[in-house]
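Peer 1: Generate a structure from the sequence data that follows.
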Amino acid sequence: MTSAIPPETKATWSALFARPHRGVAIVLAGGVAVYATNVYLTTTLLPSAVREIGGEQYFALAMSGFLIASVITSMFVRRAIDRLGPFGAYAIALSAFAVGSAVAALAPTMTVFLLGRVLQGLGGGLITGLGFSMVRLAMPENLRSRAIGLVSAMWGVGNIVGPLLGGLFAQLDAWRAAFWLLVVLCLLLLLLAYRSLPTRDRRNPTGRIPLGSLIFLTLSVASVSAGSIVEVRWVSWSLFDIGLLALVPFVLTDRRAREGVLPQFTYARGSALKWVYIGLALLVIGSTIETYIPFFGQALGDLSPLWAGLLGAVLSWGWSLGGILSSSIERPRLKASARIVGPVVLGIGLAVYGLLQVASPTIAVIIWWYVVLFLAGLGIGIAFVHNVTAAMSSTDDPEEAMQASAGANSVQLISTAFGAAVTGFAVNFSISSGDAFASRTLAFVMASIVLLGAVLTASTIRRGRSATMSGLISESTSAASESTS
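Peer 2: Now for the predicted structure:
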């Protein structure tokens, strides 16, 4: 069984899947693929489940409960690795996810189904966090970009496989069998993890559980998520405001904690990590537009459920391809450029998509929807990989680097929950003016958020280069002065 990172080899895809790394790569990527597939699978199957077991009023909670549970446990990734070791952490995560899937498969009522979804979320938050954090522990440095590219591409795989499997099981009127399939996949990954991951690399966890930070963050995510589905506008805005305001005590509490939700050096003056996280958050928020793309594909283009689902999927297809292509970039300057180019491509793509949102579109316009969304997805993949690696590279300390990687996963999950809420607000407050106006408004709002992220990232990178240049000049001046003396 693997106990140490093998010596570095040439950074190629074949090297990533060579014998020393193959099992680990499959476990890391497979866990995220199962999580992502579950997200889109459940979205497709929920109408069938509701028809059988009822509970229409809790429809939205099936997703928000899962996301909130994922956000909470994503913050325990480092402690799980420290206390249980790599395999032990994966064993807990996959077991919780499998049990939650089994509960959902057996659920006689929506209440029990929601319990299963929460259990899935508790396991899922750990699975996705481990997928990124273990890259630093289990992969040599020169293969980390490849590994992160592979792991991030699994979101696209989930968006392809999830709707197709969900549609198939729904067509067969066998939605419960889909959740049993997830149980089987978890058990297979658990067996591979036992064969591939270290079982004895354990350390004593330091610090305390950041309970105060968790309370305020959970309140924030829960309030914003609830506000996006409440029909009474003043209540909706009040919940949204409470959610945003709760971020203030979260930051104040987290920065004072010995061990917070985010690494402590995130809040240090001059730290670039906070800006990496903000850029990543705005990029992920922009990507959540895919939640409503199938809906408007049917409403405006009169697409069938299958083709409307594929319209939403092409964004993630582009994400997957962009991540794979971008992961081969090795020059630091090009990596930094990718973090700027990616959100620019996504923002422009979403803006063009918004301009194409018209009632009764022609076939040509619908084809352009697919093309533009695929190109927009490329932007996500181009930037995502290098935002995560920038977080890991923000420190030379291996322990802090692992924290930064786990923090990147937490940021992604939190941003997904916030993004889902933002899309809900944008649609709910514009839908009265018609589907085309609502879809256009949503696209322009998300494009604006993403382009703001591009501006902030460019500014941060420019400041970092200026600081580096100033330091080099200062060192050169000091060296010259000493030589003269």
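
Peer 1: contacts and neighbour counts: CA atoms only from here.
Peer 2: Noted.

Peer 1: all helices of the stretch 201-350 of the chain, in order?
Peer 2: Along the stretch 201-350 of the chain, counting by DSSP state H, counting those that start in this stretch, helices occupy 211-227, 233-245, 247-256, 273-287, 293-301, 305-326, 332-355.

Peer 1: out of the ones you listed, deepest packed?
Peer 2: With neighbours taken as mean count of other CA atoms under 10 Å, the helices of the stretch 201-350 of the chain reach their highest mean count in helix 273-287, at a mean of 25.

Peer 1: list the contacts for residue 119?
Peer 2: Residues in contact with residue 119 (CA atoms under 8 Å, 6 or more residues apart in numbering) are 66, 69, 96-97, 99-101.

Peer 1: Report the secondary structure element holding residue 396.
Peer 2: Counting by DSSP states H and E, there is no helix or strand that carries residue 396.

Peer 1: same check, this time on the one 5 residues further on
Peer 2: Per DSSP H and E: residue 401 is located in helix 398-428.

Peer 1: on contacts alone, who are the packing partners of that helix?
Peer 2: When contacts are defined as 3 or more CA pairs under 8 Å, 6 or more residues apart in numbering; DSSP states H and E, helix 398-428 packs onto helix 61-74, helix 77-106, helix 110-138, helix 211-227, helix 273-287, helix 363-392, helix 435-484.

Peer 1: Rounded mean pLDDT for the last one, please.
Peer 2: This points to helix 435-484. The pLDDT scores in helix 435-484 average 73.

Peer 1: I'd like to know how far residue 96 sits from residue 186.
Peer 2: Separation of residue 96 from residue 186 (CA to CA, to the nearest Å) stands at 10 Å.

Peer 1: same question, residue 75
Peer 2: Counting by CA to CA - residue 75 and residue 186 are separated by 21 Å.

Peer 1: cool, and residue 321?
Peer 2: 26 Å.

Peer 1: same check, this time on residue 267
Peer 2: Noted for residue 267: a distance of 37 Å to residue 186, by CA to CA.

Peer 1: for residue 22, same thing?
Peer 2: 18 Å.

Peer 1: who's more crowded, the two?
Peer 2: residue 186 (25 against 14; other CA atoms under 10 Å).

Peer 1: Enumerate every residue touching the more buried one.
Peer 2: By CA under 8 Å, 6+ apart, residue 186 lies in contact with 31, 34, 94-95, 97-98.

Peer 1: Where does it sit, in terms of helix or strand?
Peer 2: Short version, using DSSP H and E: residue 186 is in helix 175-196.

Peer 1: Could you give the number of residues near the nearest residue to residue 413 once chain neighbours are set aside?
Peer 2: Excluding the flanking residues, the one nearest residue 413 by CA to CA, 6 or more residues apart in numbering is residue 71, at 5.7 Å. Using other CA under 10 Å, the number of residues around residue 71 comes to 29.

Peer 1: so how far is residue 120 from residue 71?
Peer 2: Residue 71 sits 12 Å away from residue 120 when distances are taken as CA to CA.
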